[in-house]
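Student: Dropping the sequence and predicted coords here.
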Amino acid sequence: MISATIKNVDLIFETDAGLFSPGAVDRGTMAMLSVVDFPPEGRVLDLGCGYGVAGILAAKLIGGENVVMCDISERAVDCAKRNAVQNGVPDIDVRLSDGYSNVGEGEFALILSNPPYHVDFSVPKRFIESGFKKLALGGRLVMVTKRLDWYKNKLIATFGGVEIHRIDGYYVFVAEKRSRLSVRKKDGAKKGLSKKLQRKSERKNKGRTGE
């Protein structure tokens, strides 16, 4: 068992030698949680939850019925379920899932992720691209890694912008799903339109939508 106090909430976790950071709560996760404000309304997804630190903290603050946790590891999911009970939030929805594959319903106000960053970028690429689709308008994807350039560029390309915090040797990225207009701007840029044509397209879209 390990214990931690995060955002003035006392937590206790059962861990396993086969799970990520079994001896203490990972410093990257702590860095990520230090910048997170949990939404008073809407649902939270802890993507790649491990033994459940981020999702269980969210549940303690906003209610377990508003939290989904998932992991590709059956061992992690079993451990997270036990930890949810241990911390008094047994109503968290904890699922076995490869990324978003078993997270099919609804839109989230917040997605939290500490992805594997010592391998290639295929996993975080899926997490970011599919995460954009899973968020409600105004929802945020918060991700922590030790790498900067790839994540910065990918998040800007997908969301149109990103806020970056450097904490304790980690980079914490906060990307918000903005209005449909900003998505159209991003799509126009990706199609290679000149700035003049993009402005013309935006004026045309405003006329159609009344924005």
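Tutor: Looks like it came in fine.
Student: Show me the strands in this structure, by range?
Tutor: For the chain, the strands defined by DSSP state E cover 2-6, 9-13, 44-47, 67-71, 93-96, 108-113, 135-145, 163-167, 170-176.
Student: The fifth one pairs with which strands, parallel or anti?
Tutor: Here strand 93-96 is paired, per DSSP bridges, with strand 67-71 (parallel).
Student: Also the longest one?
Tutor: Based on DSSP bridges, the pairing partners of strand 135-145 within the sheet are strand 108-113 (parallel), strand 170-176 (antiparallel).
Student: And the contacts of the shortest one?
Tutor: This points to strand 108-113. Strand 108-113 has contacts (C-beta atoms under 8 Å, 6 or more residues apart in numbering) with 32-33, 36, 38-39, 41-48, 54-55, 58, 68, 124, 127, 131, 134-136, 138-144. All C-beta spots, glycine's among them, are computed from the backbone N, C-alpha and C.
Student: Please check the residues you listed and keep the buried ones.
Tutor: 32-33, 36, 38-39, 42-48, 54-55, 58, 68, 124, 127, 131, 134-135, 139-144 (16 or more other C-beta atoms under 10 Å).
Student: Helices along this protein, start to end?
Tutor: Remark: helices assigned in the chain by DSSP state H are 27-34, 53-62, 74-86, 122-134, 149-159, 180-190, 195-209.
Student: can you list the weak-confidence ranges in this protein?
Tutor: 118, 179-211 (pLDDT under 70).
Student: in stretch 14-25, what's buried?
Tutor: Quick answer for stretch 14-25 (16+ other C-beta under 10 Å): 14-15, 19-22, 25.
Student: I should have written stretch 84-97 there, sorry.
Tutor: 84, 86-87, 89, 92-95, 97.
Student: repeat for stretch 56-74
Tutor: 56-62, 64, 66-71, 73.
Student: L137 contacts R178, correct?
Tutor: Yes: look at L137 against R178 with C-beta atoms under 8 Å: they come within range, at 7.4 Å.
Student: Among those two, which residue is more densely surrounded?
Tutor: Shown here are L137 and R178; by other C-beta atoms under 10 Å, R178 has more neighbours (16 against 13).
Student: The more buried one: what's it in contact with?
Tutor: 137-138, 159-161 are the contacts of R178 under C-beta under 8 Å, 6+ apart.
Student: Next, format those as TSV and append distance to L110.
Tutor: Shown next, in TSV, are the contacts of R178 (distance: C-beta to C-beta, whole Å):
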residue	distance to L110
L137	13
G138	10
F159	14
G160	18
G161	17
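Student: Can you tell me which of those residues lies closest to D10?
Tutor: Checking those against D10 with C-beta to C-beta, the nearest one is G138 at 30.9 Å.
Student: and that closest one, how far is that from P116?
Tutor: Going from G138 to P116 by C-beta to C-beta, to the nearest Å gives 28 Å.
Student: Of all the strands of the chain, which one comes closest to D120?
Tutor: Nearest to D120, of these and by C-beta to C-beta, is strand 135-145 at 13.2 Å.
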